[in-house]
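Peer 1: Sequence and predicted structure below; questions after.
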Amino acid sequence: MDDYIGFFSWVGNATIDGEETPVLTNPEDIDDEEQKIFLNYQHGEIIIHDPKIGVTNIINGLEPTNNIVLNCLL
């Protein structure tokens, strides 16, 4: 059971100084095993955004779903 899969997700908007604004992304493929993703925010004093990172297949005996992984991370 060493088939772990990592994930990274985010919502398309952030709250910047109390105003909803889009989060711009710039993915770069490095190779088959690695990818870099840049999240770009408009300038502001207070930026609120909630990206998520996790790993599937952590719980033995259960089929992995994003809901199970996200509940474990909360």
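Peer 2: Arrived safely. These numbers come from a predicted model, not from an experiment.

Peer 1: Helices of this protein, residue ranges please.
Peer 2: Remark: helices assigned in the chain by DSSP state H are 66-73.

Peer 1: what about it, any weak spots by pLDDT?
Peer 2: For the chain, applying pLDDT under 70 flags the ranges 1-2, 57-74.

Peer 1: Which residue ranges of it form strands?
Peer 2: 5-9, 13-16, 19-22, 24-29, 35-40, 47-48, 52-56 (DSSP state E).

Peer 1: May I see these organised as CSV, with mean neighbour count added?
Peer 2: Where C-beta positions appear, they are placed from N, C-alpha and C, glycine not excepted. Formatted as CSV, the strands of the chain follow (neighbours: other Cβ atoms under 10 Å):
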stretch, mean neighbour count
strand 5-9, 11
strand 13-16, 16
strand 19-22, 12
strand 24-29, 9
strand 35-40, 10
strand 47-48, 12
strand 52-56, 14
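
Peer 1: how near is residue 51 to residue 19?
Peer 2: Separation of residue 51 from residue 19 (Cβ to Cβ, to the nearest Å) stands at 19 Å.

Peer 1: Confirm for me that residue 17 is in contact with residue 44.
Peer 2: Yes. Contact criterion Cβ atoms under 8 Å: residue 17 and residue 44 qualify, at 4.4 Å.

Peer 1: any idea how far residue 33 is from residue 41?
Peer 2: 28 Å.

Peer 1: If you could redo that for residue 24, that was the one I meant.
Peer 2: Separation of residue 24 from residue 33 (Cβ to Cβ): 25 Å.

Peer 1: re the thing from before, who's more crowded, residue 41 and residue 33?
Peer 2: residue 41 (13 against 5; other Cβ atoms under 10 Å).

Peer 1: list the contacts for that one?
Peer 2: Residue 41 sits next to 14, 16, 21, 23-24, 47, 49 when contact means Cβ atoms under 8 Å, 6 or more residues apart in numbering.

Peer 1: at 6 Å what do you get?
Peer 2: Residue 41 makes contacts with 14, 47, as judged by Cβ atoms under 6 Å, 6 or more residues apart in numbering.

Peer 1: Would you mind measuring from it to residue 48?
Peer 2: Using Cβ to Cβ, residue 41 is found at 10 Å from residue 48.
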